[in-house]
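Trainee: Predicted model, plus sequence, below.
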Amino acid sequence: MKYVSTRDNSKEYNFEQVFIKGLADDGGLYVPKSLKKFSFQELLELKNLSYNELSTEIINQFSSDFISKEELSNLVKKSYSTFREKEVVKISNVGEIKLLELFHGPTLAFKDVAMQFIGNLYEYYLNKNDKKINIVVATSGDTGAAAIDAIKGKSNLNIFVLHPNNKISSVQRKIMTTVEEKNVFNIAIDGNFDDCQNIVKQMFSDLEFSKSINMSGVNSINWVRIIVQAVYYFYSYFKLDKEIISFAVPTGNFGDVFAGYLAKQMGLPIDKLIVATNENDILHRAISKGDYVSKEVRETISPSMDIQLASNFERLIYYVNSSDSEKTAEIMKKVKQNSYQIEKNNLEIIQKDFLSESCNEQETLDIIKKNYEENNIILDPHTAIGVGAAKKLSFNDCVVLSTAHPCKFPEAIKNSINLKADLPDELMFVMDEKENYNIVDNEVEKIKQHIKERI
């Protein structure tokens, strides 16, 4: 399979380039030049596979020029061997709604599903190539912890994680900052997640700097994250044995829900993908009325969604504009100028696949309380927003992606139901461990210098 950039599709790239680079040199995101679409008969042949077997089949569609199917299968098994669920993910009930629990990995968030695989894929790559890689990643709470757990202790790999200072939950931070391995560096930025993300993008775009440190990235803009996450959409469809299925996805950066869109483009019978947002509702405004103008970021009890510019939305812009990279590049200039309104015909195309809703702070607390009282299930704030969006849109018979364990958001749970959601026993130690992180000014040159000094 060949790949192109959303901003210049005249050049082709292979899987290795897409994986290691993460972001194209022109600032665009990588997408496949063409996609494999499964026929109904081919989907039937996948139906009874285990999660590991299904992962191997789906990922192999995109990576066969880089890794053999046998080696890929071994990598998948190794990646998911530490998960608390044998089948990696679990489907449970909240009334009529199905919850797809994605938080059974080592850092209790859906990011583990892709990150554990990516960490082992880096190791596979480095075993074949005598190189060192420096991974730089921005996090709004969960990505950093998942990436650190996947990378820590691996030889020839360093990881630098930028998080917004005092704007993620204490548990999210401690899972990251109590790691003692020498190849892990945590950086707190005086700003919000969008500031962290912009700094990472600027470093990627500075070709002299990014090449000098052999920089790579594992944010949701990395295409490998998308394809690995697409697997659980297929898995849910097969397990629930429906003719057609809809999903509600709590999302800030549009990566997890774009994985569902990818699954639909590959032939999975998905009706609607519901984009669920908190008060930072740019995606809801974009999908419901075409307004993609960012506002000031608000701090909420669902910090992983405290984002105003959803990086992966660029991929959708590319596809709804008939894979026109010149037009996509023009649109992204408007996005940067904060002046982009989605054209009516493009909005109609988007709304064939996507619906959206948002929940404010009080609604989120009320959803957590209501579900605890009625179903004896504690939802984390992000999952609660997914449930709330589905309910608001009367999509009761759908699958809500449950993206994190509630114990990662103790303040929100206590405020809602006056209970403490405890960490699993194997993670309790992080609450008392010494934290290791540096606070650095919100300036790209100072971050670059900080990284250079540590490699």
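Mentor: In hand now; what should we look at?
Trainee: Verify the stated contact: D441 with A188.
Mentor: No: with contact defined as CB atoms under 8 Å, D441 does not count as touching A188 (10.6 Å). Using the backbone N, CA and C atoms, a C-beta is placed for each residue, glycine as well.
Trainee: Neighbour count: the two, which is higher?
Mentor: For D441 versus A188, neighbours defined as other CB atoms under 10 Å are more numerous around A188 (20 against 12).
Trainee: Show me what the more buried one is bridged to.
Mentor: Partner residues in beta bridges with A188, using DSSP bridges, are H163, I439.
Trainee: check contacts around it.
Mentor: With CB atoms under 8 Å, 6 or more residues apart in numbering as the criterion, the residues that contact A188 are 162-166, 437-440.
Trainee: just the buried members of those?
Mentor: Neighbour-count burial (16 or more other CB atoms under 10 Å) applied to the contacts of A188 gives 162-165, 437, 440.
Trainee: where exactly do the helices run in the stretch 101-250 of the chain?
Mentor: Taking DSSP state H, counting those that start in this stretch as the criterion, the stretch 101-250 of the chain contains helices spanning 111-128, 143-151, 170-177, 193-205, 207-212, 223-240.
Trainee: So for Y51, which of those sits nearest?
Mentor: Distances from Y51 to each of the helices of the stretch 101-250 of the chain were compared by CB to CB, and the smallest falls on helix 223-240, at 5.8 Å.
Trainee: List the buried residues of that closest one.
Mentor: By neighbour count, with 16+ other CB under 10 Å as the criterion, the buried positions of helix 223-240 are 223-239.
Trainee: Output the contacting helices and strands for that helix.
Mentor: Packed against helix 223-240, as judged by 3 or more CB pairs under 8 Å, 6 or more residues apart in numbering; DSSP states H and E, are the following elements: helix 15-21, helix 51-63, strand 90-94, strand 97-101, helix 111-128, strand 245-250, helix 255-265, strand 399-402.
Trainee: List the buried residues of the fourth one.
Mentor: Within strand 97-101, the residues that count as buried by 16+ other CB under 10 Å are 97-101.
Trainee: how big is the angle separating that strand from helix 223-240?
Mentor: Strand 97-101 runs at 140 degrees relative to helix 223-240, counting by axes from the mean of the first three to the mean of the last three CA atoms, to 10 degrees.
Trainee: Note down every partner strand of strand 97-101 and its orientation.
Mentor: Using DSSP bridges, the neighbouring strands of strand 97-101 in the sheet come out as strand 90-94 (antiparallel), strand 399-402 (parallel).
Trainee: Nearest to A109, out of those?
Mentor: Closest of the strands paired with strand 97-101 to A109 is strand 399-402, at 10.3 Å (criterion: CB to CB).
Trainee: Quick check: what element follows the closest one along the chain?
Mentor: On the C-terminal side of strand 399-402, the closest following helix or strand by DSSP states H and E is helix 410-417.
Trainee: And the contacts of that next one?
Mentor: Here helix 410-417 makes contact (CB under 8 Å, 6+ apart) with 169-171, 301-302, 364-366, 368-369, 372, 378, 380-381, 406-407, 419-421.
Trainee: Now list the buried members of those residues.
Mentor: By 16+ other CB under 10 Å, the contacts of helix 410-417 give 169, 171, 301-302, 364-365, 368-369, 372, 378, 380-381, 406-407, 421 as buried.
Trainee: and the angle for the helix or strand where N9 lies with helix 223-240?
Mentor: Here N9 is covered by strand 8-13, with elements defined by DSSP H and E. Following the same axes, to 10 degrees, one obtains 90 degrees for the angle between strand 8-13 and helix 223-240.
Trainee: I'd like to know which elements strand 8-13 is packed against.
Mentor: If contacts are counted by 3+ CB pairs under 8 Å, 6+ apart, strand 8-13 sits against strand 3-5, helix 325-336.
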